[in-house]
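Undergrad: 3D, please:
(one chain, ligands or ions: 1)
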Amino acid sequence: MATYAPPPGTADIFEDEASEWRFLESAAREVFSRYGYGELRTPVFEYTELFQRGLGGETEVVQKEMYTFADRGGRSLTLRPEGTAGVMRALSNTDVLNGVEQRVYYMGPMFRGERPAAGRRRQFHQIGVENVGRCAPLLDAECLAMLRAFLNRIGLADAELVINTRGVREDRPAAEKVLREYFSKHIGEMCDDCRTRLERNIWRILDCKQEACGKIIAGAPEYLEYFSPESREYFSSVRRALDTLGVAYRVEPRLVRGLDYYVHTVFELTHPALGAQTAIAGGGRYELFLPGQNRPVPGVGFAAGVERLLLARQALEKTNNAENAAVYLVGLTPETRIANLALANRLRESGLKVALELEDRSFKAQLRGANKSGARFAVIRGGDEAARGVAVVKNMSDGSQIEISDGQLFEHIRRETAQTR
Ligand code: HAM
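TA: Numbering: from 1, shown residues only. The predicted structure is shown next:
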């Protein structure tokens, strides 16, 4: 029972879980770098106006969820609620404004003052990518294919991808008109927030999570047909490319997403382990107005929620064996424990993860340690083995064991672990 718990919606992460985080992070680095993405680390706080202007003043995030504070000079700062705006600010100092493509990925904490629940934290962590500077349907498709590759790599191939288009800004008035006609008729049955949204930003209604509103939203007109032929063609090109690439998806004609910077393609991923209401990742194409700029910068990207990826993996019991020790050395006499320590250091220098017992504990207790470590092999040395210049190598998965001479031991372990890694 925690007696000194961290603030609600935050968590301490101990080694068991941290090793899972490292696995996800290194899988992301590996997959994204194959697609030409490099890492970008931006500050955890930014000037508040960056998010107000970038994400849209009518969004839930900006209106209700930001951690905003004044610094000692009286300037308004905000803990980043998402990564895209900061990445765009950083990239605006490069030649991206001249249309040169930049591919970056990032990972780290984000902050939103939401009601904490399973998979919903106030400090949560995203792994995200942004492809900035250019606009083309194939870039959107490539980005989605990469997200799929990442999810496959971490064992979440069952994630469902839903996509839609938001068209371009010029398309919106015609679609808004149809939506307004429809929602005006039903607004009496909808929540207070939706009443305000009807006047201020009708698209936000489509993102309302209230149950009563959801039923009405489900009957809203599909607005794609009111978009321009160019926007519809853009969407068709993205879908054709996804079909060719074998990236499975479902079109959800009312998906808008919670941030206002999106144009054209928008998407979300859910996983059966967490249910359809909880997205494990989301993203799309966007245009972002940076402070001081009157021309928006285009990009496409996504962010996955690390806590949610982990919940999905846990539900599937996908734990990451790569982090387990390869061998566990059992020593039953002071001399064998010293010999084991020397062997462990040689094996570690050669790149293997090794665990061992350095204290005087019973054979049973040491074997328990070997089991707990998840090691594939235990090396057992007692007084008898030491006298004969051998060690017993036990395969922990099938229980079989063989004797190996001290001189052969290092090479034997290297060979066996290389085969089973
Ligand atoms: P978002 O949909 O707001 O998009 O967040 C992306 C992901 O972050 C969500 O799908 C979810 O997995 C995770 N997430 C969001 N809020 C929480 C929370 N309170 N607790 C735990 N996980 C959470 C963005 O942030 C955009 N910047 C994505 C993007 C990148 N679009 C284009 N480029």
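
Undergrad: surely Ala157 forms part of a helix?
TA: No. Counting by DSSP: H, G, I helix; E, B strand; the rest coil, one finds Ala157 to be coil, located in no helix.

Undergrad: excluding sequence neighbours, find me the nearest residue to it.
TA: Spatially, and ignoring its direct neighbours in sequence, Ala157 is nearest to Leu151 (6.4 Å; C-beta to C-beta, 6 or more residues apart in numbering). Backbone N, C-alpha and C define where each C-beta goes, glycine included.

Undergrad: got the contact list for the one you found?
TA: Counting by C-beta atoms under 8 Å, 6 or more residues apart in numbering, Leu151 touches 157, 159, 269, 281.

Undergrad: and the ligand, which of those residues contact it?
TA: Contacts with the ligand within the contacts of Leu151, counted by C-beta under 6 Å from any ligand atom: Ala281.

Undergrad: for the ligand, state which of the contacts of Leu151 is nearest.
TA: Using C-beta to the nearest ligand atom, the shortest approach to the ligand within the contacts of Leu151 belongs to Ala281, at 5.0 Å.

Undergrad: burial count for that closest one?
TA: Summarising burial for Ala281: neighbours were counted as other C-beta atoms under 10 Å, giving 24.

Undergrad: model confidence for the one residue in the chain that gets nearest to the ligand, exactly?
TA: Proximity to the ligand, evaluated over the chain using C-beta to the nearest ligand atom, is greatest for Gly305 at 2.4 Å. At Gly305, the predicted lDDT confidence score is 98.

Undergrad: ok, it touching Gln123?
TA: No. Applying C-beta atoms under 8 Å as the test, Gly305 and Gln123 come out as separate, 11.7 Å apart.

Undergrad: between these two, who's got more neighbours?
TA: Set side by side, Gly305 and Gln123 show more neighbours around Gly305, with 24 against 16, by other C-beta under 10 Å.

Undergrad: give me the phi and psi angles of the more buried one.
TA: Its backbone dihedrals place Gly305 at phi -90, psi 120, with angles given as degrees, to the nearest 10.

Undergrad: which residues touch it?
TA: By C-beta under 8 Å, 6+ apart, the contact set of Gly305 is 119, 124-126, 279-281.

Undergrad: for the residues you listed, work out which two are farthest apart.
TA: The span of those, defined through C-beta to C-beta, is set by His125 and Ala279 at 14.6 Å.

Undergrad: any residue of stretch 75-84 touching the ligand?
TA: Yes. When contact is scored as C-beta under 6 Å from any ligand atom, part of stretch 75-84 falls within range of the ligand: 82-84.
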